[in-house]
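Peer 1: next come a sequence and a model predicted from it.
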Amino acid sequence: MREVEYRSHGVPLEGYDLTRGDHRRQKERGEISQAARRMADEDAAKCRADPAMAERRRQAFENAWKLMQSFQKQDHEVMRWRVRLYCGHIVEMHMHYSYTDPVTGGALPRRCSECGAQGLTIVAYEPIGLLGERPESQSAPPPPPKRPTRAELERRVEALEKENKRLRAKRSL
Ligand SMILES: [Zn+2]
C-alpha cells in the first residue's frame, strides 16, 4: 500500500463559522440535486411508457451493483473521517484510503444522520484513522538493491566529470 498524506480542512469539533464559499457550494449542491431529480423523474416516466427500456435499465443497475460488490473494501483499506456538514453536525464518513480528503474523494453524504437534512456539503474534515489494522506483511524482506547497469554507471561518471570540470574552472578564475 502506498503512503497517502491525508489533508484536513478546519477542525470539525471546534466551532465553525460558515464562509461565503460554504454557502455558495451548498446552494450549488442543492441546484444539482434538483436537476438530477428532474432528470430521474423524466426517466421514470419514459420507463413507464416503454417496458423494454425499463427492463434494460433494471439490468444495467443490477450489473453496476454486482460490480460494486466485487470491489468490496477491506477494513484496512478504509479511512475514517470526521466530517462537519453544512448543517453543523459532526458525522463519521468512510472512504477508500487512497483519497487524501473526503471532498476530492467525491464523498456526498446522502443525509445527515443527526438532523436528517439531505444534500449537504462538507465544510470541515479531518482524518481519524484506518478502519482496521493493516495486516502484517508476510512478504520476504525487500530485495537487495539492484546493481547499477553499465549505462547508469557511465551516466554517473559523465556527471562526475562534468562537475569536476566545473569546479576546476571555478578555481582557475
Ligand atoms: Zn445535521
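Peer 2: Sure, I can see it. All figures in this text were calculated on a predicted structure; none of them were measured in a lab.
Peer 1: residue boundaries of the strands in this structure?
Peer 2: 78-85, 90-96, 122-130 (DSSP state E).
Peer 1: contact residues of this structure facing the ion?
Peer 2: Cys87, His89, Cys112, Glu114, Cys115 (Cβ under 5 Å from the ion). Bear in mind the C-beta positions are built from the backbone N, C-alpha and C, glycine included.
Peer 1: and the first one, what's its pLDDT?
Peer 2: pLDDT for Cys87: 92.
Peer 1: with the third one instead?
Peer 2: pLDDT recorded at Cys112 is 89.
Peer 1: neighbours around it, how many?
Peer 2: 18 (other Cβ atoms under 10 Å).
Peer 1: list phi and psi for it.
Peer 2: When read as degrees, to the nearest 10, the backbone of Cys112 gives phi -80, psi 130.
Peer 1: pull the contacting residues for it.
Peer 2: Counting by Cβ atoms under 8 Å, 6 or more residues apart in numbering, Cys112 touches Leu85, Cys87, His89, Val91, Gln118, Leu120.
Peer 1: excluding residues flanking it in the chain, which one is nearest the first one?
Peer 2: Pointing back at Leu85 there. Leu120 (4.4 Å; Cβ to Cβ, 6 or more residues apart in numbering).
Peer 1: buried deepest among the strands of the chain, which one?
Peer 2: strand 78-85 (a mean of 21; mean count of other Cβ atoms under 10 Å).
Peer 1: elements contacting it?
Peer 2: Using 3 or more Cβ pairs under 8 Å, 6 or more residues apart in numbering; DSSP states H and E, the elements in contact with strand 78-85 are strand 90-96, strand 122-130.
Peer 1: contacts for that strand next, please.
Peer 2: So strand 78-85 is contacted by 6, 10, 12-13, 16, 90-97, 99, 101-102, 107, 109, 112, 117, 120-132 (Cβ under 8 Å, 6+ apart).
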